[in-house]
Every structure is written in C-alpha cells, then in structure tokens.
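**Student:** Turn this into a structure:
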Amino acid sequence: MKKPSTIRQLCALAAIGIGALSSNLNAQLFPLSENLWSNEEFKKRFLGSYGFDTDRNPTISADEQRAFRELIPIIERNPSEGAQRLRALITSESSAALDYTLANLYVQAGNTSAAIRAYETAIRKFPNFFRAYRNLGLVLVNESRFEEAIPFLQKGLELGGTDGSIYGPLALCFLNTEKPKQALTAYKQALIHQPGNRQWQMGMLRSLMDIGHYTDAAALLEEMIGNRPEESDYWTWQANAFLSLQESNQAGANLEILKRLGKANAASLALLGDIYMSKSIYDMALENYLAAAELEALSTERVLRTALGFVSRRLWDEANAYLAKTADRLDSLTPREQSRFRTMQAQTAIGLDDVDRAANLLEQVVSEDPMNGQALLTFADLQSRQGNFDEAAFTFEQAAKVEETRVDALVQHARMLVGQREFSAAVPILERAVILEPGPRLENYLERVQQAARAARG
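**Tutor:** Below is the predicted model:
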C-alpha cells in the first residue's frame, strides 16, 4: 500500500534522528583482549604453554621462551624498548608468536600500520593463527577499513572464534559496506554470545531499520527502553519506527513522553510539531514548533520549511507567531534565505490585512532579489487587490520569466484580466500556460475564457 505523502514526509524527517545511531555505531572501538602484558594468561602461553591447541596456535622454541622471560620485565617497564628488542629476535624462521606479540605492542603504541604488517607476517608463517586473524580484523575495523576487515574476521570464525568479540565487529563491517541482511544475522549471533550488549543491540536496530523490518525494530526498542528509559535516543528511534509503520499516534506518544521527561531536543520537538500538523491540530503543532525554535538548534532549512507549512495552509495567526519567534535569525541567513523569509512575512501580513507592511516587505524583497518568483507573485496579487492593475500586470510578467513560477504567473495574470472582463486579453496568456503545462485543468479554463471572449465580441 502506498503511503500518504504526509507520512512519507514525516518518515523522511524522522530519519534524520537515525544519524545519531549511525554515529554511535561508527564511533565504536574494539580493544584487543591480549594487547597488554598485564594479561597473565597471555604471559603463561609464551612462558611454557603456547604449544596447546596447535591447530590454531604456533609453538615457540625453548630459546624463544627463555628470551621472552628476559623481555617481559622490559616490556612491562618500557614497551617501546621491549618492541625494539623483540624485533631483533625475529627472523624468517622464528615463531609466528613473536610477530604476533610485536604486532600487539605496535597496537599498544598506536602504530597501526606496523601492527598490520606484523599480523600479516604472523599469518604467513602460521596460516591457521586464529588470534592473529581476529586481532588484525579488529585493528582494520578500528581504522574504518571495513571491507578489508571482513575476510580476516570470517577466517577467525572459521577457525572457531564463535563469540561476540568477532560477530559484533563483523556485523559492523557488513553494516558499513551496505549489507544490512548479513549484518542482522551477525548481530543476532553476537547477542547470543553477549546478551544485553548495548552496542550489538544498536547495530541490530540499525540493520532492522535499513531493511525495513520496522515492527521488529520497534519491539527491540521496547526492550531497550525498558532497560534504559532515560535514554532519549531510544524514544526518538522508536518514534521513527512507528512513523515508518504509519503509526503516527504511537510516534507522537513517544515524543510526548520524551518532552515530559525534559529530554526533548529541537529535532524531536519539531518532529512532534510535524505529527500534529499532519493531523490538523495546529495549536499543538505551533506549541512544539515554538519550543523547538526556543532551543535555537534547528537548521535554517527546517525553520523555513516549518514557516512554509503554516503559510501554505493559510494559517496566518500561527505563521505570524512562528515568523516572529524566528525573526532574530534573519541576520544569519543567506540573501536568498532572507528573501524567502521576508516573502512569507509579506504573505502572512496580507493574510492578516496588514497591507502596508506587506507592500514594504515585498518592495524590499523584489528590489534585492528580482528573480524571487514567489515574491513577485505575491506582490502582483497585492497590487491587483489594490486596483493597481497596470503595475500588477507588469509584475506578473516579471514572475513569468522565473521558471519556478512561470505557469502560476500566467494563470494569475489571466485571472486578473478575467476579473476585469478583459477576456480577449486573457486568452493568449492562458494559451501560453497550456503549452507549458498541458492538462484538463488549464485547458478547460482556457475553453471557458475563449467562450466568454466570443460572447463579449458578438
């Protein structure tokens, strides 16, 4: 079923809030479990038991074990010096465990390029080195090299690393390489091994949203909200899911709860205003739009779009209140944005019968932005109302030179002439409009005017 246009617009607006979810996911860092020599298990493996599970772990010789015993206190005291001494022990024949350890020290020092090379060397020496695959994959993920990380993490899984420490980062890689279905599968596995992991839940949520499983996303968020009701983003994201399901009442309820908790931001208040606007509850829409404007965190385009919502519906009192609230932003707008803002101020002034203010505003706009079609149309309409028909005709002609308003200018010009019973003069203007926009609406109007012109002549 095709969604109504208002619902599509609300979904598009709500989706803006998902950007925070994406940012949170991409900001994840995955530490290496054996990165530090304070890990006793790690030291024990090198000092005598590294030969266990030889299918997935390289062995080290007795000489290498003795060298490690001497290196451990140096590494713990000065990792940089320890890395330098360890590097001197490594040869083409030495154990892959040495290269792997050196790679870990490089990671600890923040030298990721050297760490990647050392992990790759360890893998070449020992192709089934599970920990090297896993750590190399994690380093690449932390570097946002998601496509490169995937085969190493998958190899880690193949070698038996079936836990959340691999499934979660692998899912993130899929998510960032536009494979949301694979990401969802991996996140499900990660949560089996690490239930309640917030990062995996957020990743699973993003995957569900990306593939359009909004019902499942809303259900997951219900669980997340139950665990952390103070998280304002959860309420917003669930509202987004509800809007995608065309359940605007539930979305509005979520945002109202957020507002009552005192955690609504400008975007969520504006979205709540959109929901009330779509339901024609204009006083509540205005209340929330004004509250959003009070926070001064809205984009200029958002402010202009909200004002246009009132103006296009001829809600002049609401438009006047909103434009007055946001008028202090005029100085920060571009000339083109200022022109749009003042045009709406003028349209509102006309709607409130403040003709003098409207005329002053429109004269300023047209002089500064002579190609503002909407301003020209509004000015021509005002001139026509005032009986200044010659001036209005000239302004309509100017508006007809702007592509955005060409057809409307021609039609309104013709209507003004019809109102003066100048039917013959209106006909060629309407004929131009029909050529530009063929269709029964204008063609039928043209036919009626032509009939009137013939009747007037005969």
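**Student:** Count the residues that sit near Phe389.
**Tutor:** As a burial measure, Phe389 scores 15 neighbours (other C-beta atoms under 10 Å). All C-beta spots, glycine's among them, are computed from the backbone N, C-alpha and C.
**Student:** and it, what pLDDT?
**Tutor:** As predicted, Phe389 sits at a pLDDT of 94.
**Student:** Cross-check the contact I'm expecting between it and Gln420.
**Tutor:** Yes - between Phe389 and Gln420 there is a contact under C-beta atoms under 8 Å: 6.6 Å.
**Student:** Please tell me how far Arg305 sits from Ser244.
**Tutor:** For Arg305, the distance to Ser244 equals 20 Å [C-beta to C-beta, to the nearest Å].
**Student:** Among those two, which residue is more densely surrounded?
**Tutor:** Ser244 (22 against 15).
**Student:** Is that one in contact with Asp216, as I believe?
**Tutor:** No - the pair Ser244 / Asp216 is not scored as a contact, 11.6 Å apart, by C-beta under 8 Å.
**Student:** How many residues are close by Glu301?
**Tutor:** Counted with other C-beta under 10 Å, the neighbours of Glu301 add up to 10.
**Student:** which stretch of helix or strand covers it?
**Tutor:** Assessed by DSSP states H and E, Glu301 sits inside helix 300-312.
**Student:** What residues sit buried inside that helix?
**Tutor:** Within helix 300-312, the residues that count as buried by 16 or more other C-beta atoms under 10 Å are Arg302, Val303, Leu304, Thr306, Ala307, Leu308, Gly309, Phe310, Val311.
**Student:** swap in stretch 217-231?
**Tutor:** Ala217, Ala218, Leu220, Leu221, Met224, Ile225.
**Student:** ok, the third one to Pro79 distance?
**Tutor:** Using C-beta to C-beta, one gets 41 Å for the distance from Leu220 to Pro79.
**Student:** Also the first one?
**Tutor:** Distance of Ala217 to Pro79, given as C-beta to C-beta: 44 Å.
**Student:** The fourth one too?
**Tutor:** Remark: distance between Leu221 and Pro79 (C-beta to C-beta) = 43 Å.
**Student:** With the second one instead?
**Tutor:** Summarising the geometry, the distance separating Ala218 from Pro79, computed by C-beta to C-beta, is 48 Å.
**Student:** so which of the buried residues of stretch 217-231 comes closest to Glu147?
**Tutor:** For the buried residues of stretch 217-231, the minimum distance to Glu147 (C-beta to C-beta) is 25.8 Å, reached by Ala217.
**Student:** Who are the contact partners of that closest one?
**Tutor:** Shown in contact with Ala217 (C-beta atoms under 8 Å, 6 or more residues apart in numbering): Leu205, Leu208, Met209, Trp237, Gln238, Ala241.
**Student:** And what about the first one, helix, strand or coil?
**Tutor:** When you say that, I think you mean Leu205. Secondary structure for Leu205, judged by DSSP: H, G, I helix; E, B strand; the rest coil, is helix.
**Student:** Was I right to think it contacts Glu222?
**Tutor:** No - counting by C-beta under 8 Å, Leu205 stays clear of Glu222, with 11.3 Å between them.
**Student:** And the strands in the stretch 151-300 of the chain?
**Tutor:** Ranges of strands within the stretch 151-300 of the chain: none, based on DSSP state E, counting those that start in this stretch.
**Student:** which helices and strands does the helix or strand containing Ala349 pack with?
**Tutor:** Using DSSP H and E, Ala349 falls within helix 335-351. When contacts are defined as 3 or more C-beta pairs under 8 Å, 6 or more residues apart in numbering; DSSP states H and E, helix 335-351 sits against helix 300-312, helix 316-326, helix 355-368, helix 373-385.
**Student:** Who are the contact partners of Leu446?
**Tutor:** With contacts taken as C-beta under 8 Å, 6+ apart, Leu446 has the following neighbours: Val427, Leu430, Glu431, Ala433, Val434.
**Student:** Out of these, flag the one nearest to Tyr106.
**Tutor:** Closest approach between the contacts of Leu446 and Tyr106, by C-beta to C-beta: Ala433, at 71.4 Å.
**Student:** Pull up the gap between the residue nearest to that closest one when sequence neighbours are not counted and Glu404, please.
**Tutor:** Leaving aside its chain neighbours, Ala433 sits nearest to Leu410 (4.0 Å; criterion: C-beta to C-beta, 6 or more residues apart in numbering). Leu410 sits 13 Å away from Glu404 when distances are taken as C-beta to C-beta.
**Student:** which one of the two has more residues nearby?
**Tutor:** The residue with more neighbours, out of Leu410 and Glu404, is Leu410; 26 against 13, by other C-beta under 10 Å.
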